[in-house]
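Participant: Sharing a model that was predicted from the sequence below.
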Amino acid sequence: MKKYFMTVATVALFAIGFAASDEDESSNKSSNEGSAPQTEQKQESEKERQAREKQERENKKTELAKKGHDEGYKTGFKGASWELREPSHLKRLALQYYTTWYETPTNSEEKELCDIFVENYIRGWEEGYRAQ
């Protein structure tokens with residue numbers, strides 16, 4: 001009989017403890033929801049998110065500029081014919097490389113990234129051609 005009583009008493013104590021902790025958590029949530037510091041905290045996290053996204057875009061631009069320059073340099077250094085130096089041909093070649101690694105630009109942000117790649121590809125090609 002004592003075994004059953006102790007088991008029931010232990011379960012009852014755990015049940016009361018869990019019920020009390022749930023009430024404390026729900027009262028803390030409701031009192032914190034209307035407070036100003038949490039709103040400021042949300043605004044700060046929004047600013048941090050925007051700063052992080054801006055940094056990611058800048059990193060992407062830098063990465064594309066370097067990759068475009070490096071590929072252009074390699075192609076120019078390989079001893080491609082001088083006729084390839086025509087800007088329209090180099091631009092087509094750079095676009096071909098860009099669309100091979102990335103998708104075809106569809107919006108203004110992607111077109112801006114593509115232009116950065118193409119511009120640096122042409123610059124790298126000319127440097128590579130002169131260096132051979």
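Facilitator: Thanks, I have the structure now.

Participant: which is the next helix or strand following the lengthiest helix in the chain?
Facilitator: In the chain, taking DSSP state H as the definition, the longest helix is helix 36-77. Helices and strands here follow DSSP states H and E; after helix 36-77, the next one along the chain is helix 87-101.

Participant: which parts of stretch 117-132 are buried?
Facilitator: 117-125, 128-129 (16 or more other CB atoms under 10 Å). Heads up, the C-betas are built off the backbone N, CA and C, glycines and all.

Participant: Now render the residues you listed as JSON lines, adding pLDDT, distance to residue 67 and secondary structure.
Facilitator: What follows is these, written out as JSON lines (pLDDT from 0 to 100; distance: CB to CB, whole Å; DSSP: H, G, I helix; E, B strand; the rest coil):
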{"residue": "117", "pLDDT": "92", "distance to residue 67": "7", "secondary structure": "helix"}
{"residue": "118", "pLDDT": "93", "distance to residue 67": "12", "secondary structure": "helix"}
{"residue": "119", "pLDDT": "94", "distance to residue 67": "12", "secondary structure": "helix"}
{"residue": "120", "pLDDT": "94", "distance to residue 67": "8", "secondary structure": "helix"}
{"residue": "121", "pLDDT": "91", "distance to residue 67": "9", "secondary structure": "helix"}
{"residue": "122", "pLDDT": "89", "distance to residue 67": "14", "secondary structure": "helix"}
{"residue": "123", "pLDDT": "92", "distance to residue 67": "13", "secondary structure": "helix"}
{"residue": "124", "pLDDT": "92", "distance to residue 67": "10", "secondary structure": "helix"}
{"residue": "125", "pLDDT": "89", "distance to residue 67": "13", "secondary structure": "helix"}
{"residue": "128", "pLDDT": "89", "distance to residue 67": "14", "secondary structure": "helix"}
{"residue": "129", "pLDDT": "85", "distance to residue 67": "18", "secondary structure": "helix"}
